[in-house]
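Q: Pasting the sequence and the predicted coordinates here, then a few questions.
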Protein chains: 2
Amino acid sequence: MSKKPLILVTNDDGITAPGIRALIEVMNDVGDVVVVAPDSPQSGMGHAITINSTLFVEKVTVGKGKQEEYSCSGTPADCVKLAVKQILDRRPDLCVSGINHGSNSSINVIYSGTMSAALEAGIEGIPAIGFSLLDYNWNANFEHAKPFVKTIVENALENGIPNGVVLNVNIPNSTEKDIKGIKVCRQAKANWEEEFDKRKNPQGRDYYWLTGKFVNLDHGEDTDEWALENNYISVVPVQFDLTAHHAIQNLNTWNLND
Amino acid sequence: MSKKPLILVTNDDGITAPGIRALIEVMNDVGDVVVVAPDSPQSGMGHAITINSTLFVEKVTVGKGKQEEYSCSGTPADCVKLAVKQILDRRPDLCVSGINHGSNSSINVIYSGTMSAALEAGIEGIPAIGFSLLDYNWNANFEHAKPFVKTIVENALENGIPNGVVLNVNIPNSTEKDIKGIKVCRQAKANWEEEFDKRKNPQGRDYYWLTGKFVNLDHGEDTDEWALENNYISVVPVQFDLTAHHAIQNLNTWNLND
């Protein structure tokens, strides 16, 4: 039996995306790799799970390399659940998700399928990291990301990720020599200002496209947005205990039980 | 112009669900109500948003009462975005989501469409509360929940909800006289142990149904699970800054930039 770590690889752009191919290539250098990823793009799915329809899984050969691959009809969170409970014959030592085509920094973590897969693994007690590149293009260049991804993964395997925490890693769209380093950050208090593009369909019925611009009013230099703007790779520890502990005292002053 | 608070009501079970009807009835007593809710059930959608397809909105009359209602083809998060940016002519004073048919306590908050709507409103800076009843049935009885929902909403309007926080309220499946009161809690460290029910379709292809049981290994008496088991209504303050601030120091000891 291999002494290499078992690494589960997934994503939300779908099993054929160049981003997951780049991640698989790096992971093949680090451990034994099993890929369980959606058969089609799932971006913007948030932490969806499939409870009202069936899930199909198929063993496939998509790219080169020694990894084992499975294509799944579900969401990123479904892929992780299926991998852990049904496909893998032992617990993975690490789950990595991505590399996403597009940023999951700041508030985007909430909408992110990439991070929902990592969070799902974290909930299962498996160390997990989501990787995203700040380039939405299908033909984005992932080359410069590879050595940094490897460094972060090797550190995670060696040091262990703190309990109840998963890592949200975002990578500037840059070159290897221009990237200044890796920075541990907090999530910036930024958000989207949505606009709806209102149109009429050929039958005369109104419909909308969701658009918007990202607005960062957080000027802290310890945020992921600051790091990315300054050509650092950002690493934000993310938790799935959503309790706002600091607010409990305030709420206990409310008049709830008179 | 009315001096009553403007209350946006949404949910994830769909605009015709009995749970949202109960919530609308209570809200009509408190303020001016506009309903913008999905035209079909969206449970388990997590924090999904619709970025790759069109959104339709229709003014509808579903139930009795003085509320204005809009049915939307999107997710709960889409409904909130559309309401705030497109439908409402002023900012709502409060957004309430639910009453969900089924629990959103503990780790379920992560998968919850009900809470994703509340979180979306919170991100927009609108005070927001998600309500859920511990009964998955379409014909669940919401009567006993109504006075408690009203108390919590009136407190929220009077005291304000702390910045960056939304409330996750879960209500036992009980009677008004058996409910012991309302308790401010933290999210229990509980999770699902999934099992996949593997079957063959008529063409002989394997497929899976996601099933599982909820396991609570957290014995704290300050958790939402404890409150609910002891017939209290649980109120958990939930945040959308997911940073695990306590883990930053540990991660800074990693060897990321050698």
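A: Perfect, thanks for sending it.
Q: Which parts of the stretch 151-258 of chain A are helices?
A: A:224-229, A:248-251 (DSSP state H, counting those that start in this stretch).
Q: Can you add mean neighbour count and distance to chain B and give these back as TSV?
A: The C-beta positions use only the backbone N, C-alpha and C, and glycine is treated the same way. Below are the helices of the stretch 151-258 of chain A laid out as TSV (neighbours: other Cβ atoms under 10 Å in any protein chain shown; distance: least, Cβ to the nearest Cβ, whole Å):
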stretch	mean neighbour count	distance to chain B
helix A:224-229	22	9
helix A:248-251	17	4
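Q: Using CSV, please lay out those together with mean pLDDT.
A: Formatted as CSV, those follow (pLDDT from 0 to 100):
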stretch, mean pLDDT
helix A:224-229, 97
helix A:248-251, 96
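Q: looking at the ones you listed, which is closest to residue A:13?
A: Closest approach to residue A:13 among the helices of the stretch 151-258 of chain A (Cβ to Cβ): helix A:224-229, 19.5 Å.
Q: packing partners for the closest one?
A: strand A:165-171, strand A:232-239 (3 or more Cβ pairs under 8 Å, 6 or more residues apart in numbering or on different chains; DSSP states H and E).
Q: Tell me which of the ones you listed sits most buried.
A: Per residue and on average, the most neighbours among those fall to strand A:165-171, with a mean of 28 (mean count of other Cβ atoms under 10 Å in any protein chain shown).
Q: how many degrees apart are it and strand A:232-239 in direction?
A: Interaxial angle, strand A:165-171 versus strand A:232-239 (axes from the mean of the first three to the mean of the last three Cα atoms, to 10 degrees): 160 degrees.
Q: Residue A:81 and residue A:117 touch, don't they?
A: No - shown here, residue A:81 and residue A:117 do not form a contact pair, counting by Cβ atoms under 8 Å, at 9.8 Å.
Q: which one of the two has more residues nearby?
A: Ranked by neighbour count (other Cβ atoms under 10 Å in any protein chain shown), residue A:81 and residue A:117 place residue A:117 first, with 36 against 29.
Q: Give the burial count for the residue found closest to the more buried one once you drop the neighbours it is linked to in the chain, as a bare number.
A: Once flanking residues are discounted, residue A:117 sits nearest to residue A:76: 3.6 Å by Cβ to Cβ, 6 or more residues apart in numbering or on different chains. If you count neighbours by other Cβ under 10 Å, residue A:76 ends up with 35.
Q: Tell me which residues touch residue A:76, please.
A: A:10-12, A:37-38, A:42, A:45, A:97, A:113-114, A:116-117, A:120 (Cβ atoms under 8 Å, 6 or more residues apart in numbering or on different chains).
Q: show me where the stretch 51-200 of chain A has strands.
A: A:57-60, A:68-72, A:94-101, A:128-133, A:165-171, A:181-184, A:190-200 (DSSP state E, counting those that start in this stretch).
Q: Dump these to JSON lines, plus mean pLDDT and distance to residue B:213.
A: Formatted as JSON lines, the strands of the stretch 51-200 of chain A follow (pLDDT from 0 to 100; distance: least, Cβ to Cβ, whole Å):
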{"stretch": "strand A:57-60", "mean pLDDT": "93", "distance to residue B:213": "22"}
{"stretch": "strand A:68-72", "mean pLDDT": "96", "distance to residue B:213": "22"}
{"stretch": "strand A:94-101", "mean pLDDT": "97", "distance to residue B:213": "22"}
{"stretch": "strand A:128-133", "mean pLDDT": "98", "distance to residue B:213": "23"}
{"stretch": "strand A:165-171", "mean pLDDT": "98", "distance to residue B:213": "23"}
{"stretch": "strand A:181-184", "mean pLDDT": "97", "distance to residue B:213": "36"}
{"stretch": "strand A:190-200", "mean pLDDT": "88", "distance to residue B:213": "36"}
